[in-house]
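Trainee: sharing a model that was predicted from the sequence below.
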Amino acid sequence: MSKLTGRTALVTGASRGIGRAIALRLASEGARVGVHYASNEAAAKETVATIEAAGGTAFTIRTELGVPGDAEALWRAFDAHADGLDILVNNAGIAGPGLIHEVSEATYDKVFAINAKAPFFIIQKGLERLRDGGRIINVSSGVTKVAFPGMTSYAASKGALEVLTLTLAQTLGSRDITVNAVSPGTVETDIHPWMADPAAKAHAAGFSVFNRVGQPADVADVVSFLASDDARWVTGQNIDVSGGSGLGI
């Protein structure tokens, strides 16, 4: 029997990139996975098809995040497929490039609405569905570890998510629910088309002590650990999954 057999997971932003890798990994361990997406229906269905082809089970949930009522809409969609939850992975997020004087109020609001506010209320509205002994895993970013002025609003939003992680670990410990975060560095996905430039990719690889850029599976494997019983004594932590990026700074 696989580690997550009999458990239900929900992964936000799971149609591609890191979220897709997480969905595939959790399914490979036996979890039934809700594949959330905002707009790319074809990619979400392809993720589900890949899971099912490998013998797993999954379903899609379409909900736009960062808008009023997003958490309620997400859980209404979820309730049509499942009667409870064991693993929640808050992965969905958007970038917010720009130095502080370059960030508009509208951009700031959108970044925080999706990266910080949505996870907050998804968790709040989902607690009645999350079973005791459950897992919450928030996907943060390595930009909270070092000064990264070019992503000011994004870094601030992820910092908020990390503090939420710490606070909830204390709040939910009485229910044996663990709450942890993972912080990827540069990961090769289709949202980084600039990596098609060998020079740019080589530069990014140089941040890691392994001299390569991360792959979505590098992050998904750590999330799978945190979702399992093996991580029952780990909570309130932020696991760096950046390949040692910034160790020499």
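Mentor: On my side now, so go ahead.

Trainee: state the mean pLDDT of the longest helix seen in the chain.
Mentor: When the chain is parsed with DSSP state H, its longest helix is helix 152-172. Along helix 152-172, the predicted local confidence has a mean pLDDT of 97.

Trainee: I would like the residues contacting it, please.
Mentor: For helix 152-172, contacts defined as CB atoms under 8 Å, 6 or more residues apart in numbering pick out 90, 93-100, 103, 107-108, 111-112, 115-116, 119-120, 123, 127, 136, 138, 140-141, 143-144, 148, 178-181, 183, 235-238. C-beta: built from backbone N, CA, C; applies to glycine.

Trainee: repeat that for 6 Å
Mentor: Around helix 152-172, the neighbours that count as contacts under CB atoms under 6 Å, 6 or more residues apart in numbering are 95-96, 100, 103, 108, 111-112, 115-116, 138, 140-141, 143-144, 148, 179, 181, 235-236, 238.

Trainee: which PyMOL command selects the buried ones in the residues you listed?
Mentor: Only the buried members of those end up in this PyMOL selection, burial being decided by 16 or more other CB atoms under 10 Å:
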select buried, resi 96+103+108+111+112+115+116+138+140+141+143+144+179+181+235+238
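
Trainee: show me the contacts for the most centrally placed residue in the chain.
Mentor: For the chain, the residue lying nearest the average C-alpha position, counting by CA atoms, centre = their mean, turns out to be N91 (2.0 Å). Residues touching N91, when contacts are defined by CB under 6 Å, 6+ apart, comprise V11, T12, G13, G19, V139.

Trainee: swap in L88?
Mentor: Neighbour list for L88: L10, I136 [criterion: CB under 6 Å, 6+ apart].

Trainee: quick thing: my sequence starts at 860, can you match it?
Mentor: In the new numbering, first residue 860, that becomes L947.

Trainee: so it sits in a strand?
Mentor: Yes. Counting by DSSP: H, G, I helix; E, B strand; the rest coil, L947 falls inside a strand.

Trainee: let's see which of the contacts of helix 1011-1031 end up in helices.
Mentor: For the contacts of helix 1011-1031, secondary structure assignment (DSSP H) places Y967, V970, F971 in helices.

Trainee: now G889, what's its secondary structure?
Mentor: When states are read from three-state DSSP, the local structure at G889 comes out as coil.

Trainee: for it, what are phi and psi?
Mentor: When read as degrees, to the nearest 10, the backbone of G889 gives phi 100, psi -10.

Trainee: got it, and the one 10 residues further on?
Mentor: Phi and psi for N899, reported as degrees, to the nearest 10, are phi -90, psi 80.

Trainee: that one reaches G876, doesn't it?
Mentor: No. With contact taken as CB atoms under 6 Å, N899 and G876 are classed as non-touching, separated by 10.6 Å.

Trainee: quick one: the helix or strand bottoming out on mean pLDDT in the chain to chain centroid distance?
Mentor: The least trusted helix or strand in the chain, going by mean pLDDT, DSSP states H and E, turns out to be helix 1057-1064, with a mean of 91. In terms of CA atoms, centre = their mean, to the nearest Å, the centre of helix 1057-1064 is found 24 Å from the chain centre.
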